[in-house]
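Engineer: The sequence isn't on hand, but the structure is:
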C-alpha cells in the first residue's frame, strides 16, 4: 500500500486548490446541516408534539380551523364545566377557555393568547423561565420566540418592559419556554384582559386535557349531543396534522435542497480530483511501474479525496457550532434551528459521501488507463 | 467515462432521502377485514323505507316521549358510539352552495351560520343497557356524511333544549353525488 503520508504530502503540494476545495465542502456541509435542521425544526413545530390526550372544542362553523373558530363565552364556560373525561390536577379540571388573536405593533404581527389559570394545567409543556405568569390586569408573559415571531429585538421583550398592543400598554411579567412547540412564539395574558382590549365577547376555543386518549370518544359524543353549545370536538393531534400537511411541501423542499447541495459538493470534490489526476498522470503511472498495484493507487487517491472532504466537513460542522441555535419565523409561529450533534453528524457524513463519490470516479479512471499510455502522458 | 460518472452521481443522489420513500409506503388497512358483526347501528337497519317522515325542524317541535319518523342528512357520525346527528334535508350543505372561493369541505354545513344549523339538527342514538351503544369506527354500517336517512324512534329532550331520537330503526334513503376525488373525513 502507498503510505498515507504520500496522500497528505500531495494535498500540501497543491495548497491553493486544496484550500478552495475544503472551503467548498465546508460550505456544502454547513448548508446540509442548516437545511436538515430547518426541515426537522419545521416538522417538529408542525406536528410531532401533538398530544393524543388533548382535545379542542371549536365553534362548529370553524371545524378544523382554530383561526376562524368563534365560541360564545357562555357556551365555552358551560362546555368547560360539563365536558366529560377531563383530567383533574390538584382538584382542578384541566380545561382551558382561550382566545387566540393575531395582534400587531406597527406592521409586526404577533400571536396573543388570552388564558385562565387552568391553561397551565392543559399546556403542561409551558414553563415560566423568568418572572411570573400574568396576575395583575394587563400583564403579559412572552414566549422565548415571541420577539422572533414579531421580528423585533429581544431586548424589547425583557421582563419589566412594556409592549404596546391593541391600543394598550402591557407590562411584561414573565417569559416562558415550551420547547418544540409553536407556543414559544406566543404572548400570553389573562383572558378577561384580551377580551376587554379587543372588545370581544366571544372566545376561540375550549381546550381540555383528558384522563386518557380513550376518553376522546366521550368528548365527541358530548359535542354532538350538546347541540346548543355549537361546538365541534377536534383532537389536538388532528389539528396538528392539518398544520403539518401545510408545511410538508416546504419540509420536503428543504430536504431535497440538502440532497442537491450534497450532489453539488460531490461534483466539486470530483472536479478537484479529476484535475489532480490529470495533472499527475505520469506520476501515478510511475507508481504503478514501481510495483504499486492499481488498487493501491486507487486507495491512495481515495484517501486524498476523503481527507479533503473530512477537513471540509469538520470545518462546516465547526461553523454550524459557532452559529448556534438560530430562531426562525414562520406564519404559525417560530422555531429554533437546532444544529445539534445529530445534524452535524449527518453533515459530516454527507461531506464524506461527497468525498467518496467525487474521489472514486477519477481514481478508477486513473488506474484503468493502460500503463504505457499513462507513462507516455496520453 | 465522464458521462458514466454523471450518470452514477444522478443515480446515487436520491439515496440521501430514503425516509421519504419509506413514508410513501401505502398503508395496509385495506388488507384488514372490516368488522361486519351486528353492531348496535347495524342491528336496527330497516329493510324498507318507513315512508312518510317528519323534517327535522318539525320533529324538534314534537313532544318528548312521542314515537316519530324523521328524515335528515347525516351531519356528524360520532366515532365510538352508535350515534350520529341529522340535519334538516331542506338545509343546503356546502356542496350545494356556490361559494366564491369554493368550500374545501363540501360534505359539511360550514357555509351556513352555526345557529341556523343548530336549530335544524338533532341527535340520533341507539340505546344500550348501560346508556348509548358503543361501537368501533369501522362498525358504522355503510353510512357516510350527508346520507339522507330516515329514522324511527322515540323522541326526548334535555334541559338545554337539545332533541334526541332514540332509534329503533333506520333506512338510508339517498346518497348525494359530490365531485370525485374528495378526501372524506374520518
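Structural biologist: Now that the structure is in, tell me what you want to look at. Because the structure is a prediction, the values reported are computed rather than measured. Residues are numbered from 1 along each chain as shown, chains lettered A, B, ... in the order given.

Engineer: Which elements pack onto the strand or helix carrying residue A:192?
Structural biologist: Residue A:192 belongs to helix A:191-198 when elements are defined using DSSP states H and E. Judged by 3 or more C-beta pairs under 8 Å, 6 or more residues apart in numbering or on different chains; DSSP states H and E, helix A:191-198 is in contact with strand A:95-105, strand A:108-115. C-betas here are computed from N, CA, C, even on glycine.

Engineer: Sheet partners, orientation included, of the longest one?
Structural biologist: Based on DSSP bridges, the pairing partners of strand A:95-105 within the sheet are strand A:108-115 (antiparallel), strand A:205-209 (antiparallel).

Engineer: Go through those strands and name the closest to residue B:122.
Structural biologist: For residue B:122, the closest of those is strand A:205-209, at 22.9 Å, according to C-beta to C-beta.

Engineer: Report whether the helix or strand following that closest one contacts chain B.
Structural biologist: Heading C-terminal from strand A:205-209, the first helix or strand you meet, by DSSP H and E, is helix A:216-225. Yes - counting by C-beta under 8 Å from any C-beta of the partner chain, chain B has neighbours in helix A:216-225: A:216-218, A:220-221, A:224-225.

Engineer: low pLDDT regions in chain B?
Structural biologist: Within chain B, the segments meeting pLDDT under 70 span B:1-38, B:98-101, B:129, B:136-140, B:181, B:183-186.

Engineer: which residues in it form strands?
Structural biologist: Shown for chain B, the strands assigned by DSSP state E span residues B:54-55, B:67-77, B:83-87, B:121-125, B:127-128, B:131-132, B:148-157, B:163-174.

Engineer: cool, the stretch 151-300 of chain A as well?
Structural biologist: With DSSP state E, counting those that start in this stretch as the criterion, the stretch 151-300 of chain A has strands at A:162-165, A:168-177, A:186-190, A:202-203, A:205-209, A:231-235.

Engineer: quick one: residue A:82 from residue A:223, how far?
Structural biologist: Taking C-beta to C-beta, to the nearest Å as the measure, residue A:82 falls 11 Å from residue A:223.

Engineer: for chain A, which residue is closest to the average position?
Structural biologist: Nearest to the geometric centre of chain A sits residue A:41, at 1.1 Å (C-alpha atoms, centre = their mean).

Engineer: So which elements touch the helix or strand harbouring it?
Structural biologist: In the assignment (DSSP H and E), residue A:41 maps to helix A:15-43. In this structure, helix A:15-43 packs against helix A:236-279, helix A:294-323, strand A:326-330, strand A:333-337, helix A:341-368, with contacts taken as 3+ C-beta pairs under 8 Å, 6+ apart.

Engineer: Try it again at 10 Å.
Structural biologist: Where contact means 3 or more C-beta pairs under 10 Å, 6 or more residues apart in numbering or on different chains; DSSP states H and E, helix A:15-43 is packed against helix A:4-13, helix A:236-279, helix A:294-323, strand A:326-330, strand A:333-337, helix A:341-368.

Engineer: got a markdown table for these, with mean neighbour count too?
Structural biologist: A markdown table is the format used below for the helices and strands packed on helix A:15-43 (neighbours: other C-beta atoms under 10 Å in any protein chain shown):
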| stretch | mean neighbour count |
| --- | --- |
| helix A:4-13 | 13 |
| helix A:236-279 | 19 |
| helix A:294-323 | 21 |
| strand A:326-330 | 17 |
| strand A:333-337 | 24 |
| helix A:341-368 | 22 |
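
Engineer: and residue A:154, which of those is closest to it?
Structural biologist: When these are compared by C-beta to C-beta, strand A:326-330 sits nearest residue A:154, at 9.0 Å.

Engineer: Tell me who's in contact with the nearest residue to residue A:174 once chain neighbours are set aside.
Structural biologist: Of all residues not flanking residue A:174 in the chain, residue A:131 sits nearest, at 3.1 Å (C-beta to C-beta, 6 or more residues apart in numbering or on different chains). Taking C-beta atoms under 10 Å, 6 or more residues apart in numbering or on different chains, we find residue A:131 in contact with A:139, A:141-142, A:158-160, A:172-176.
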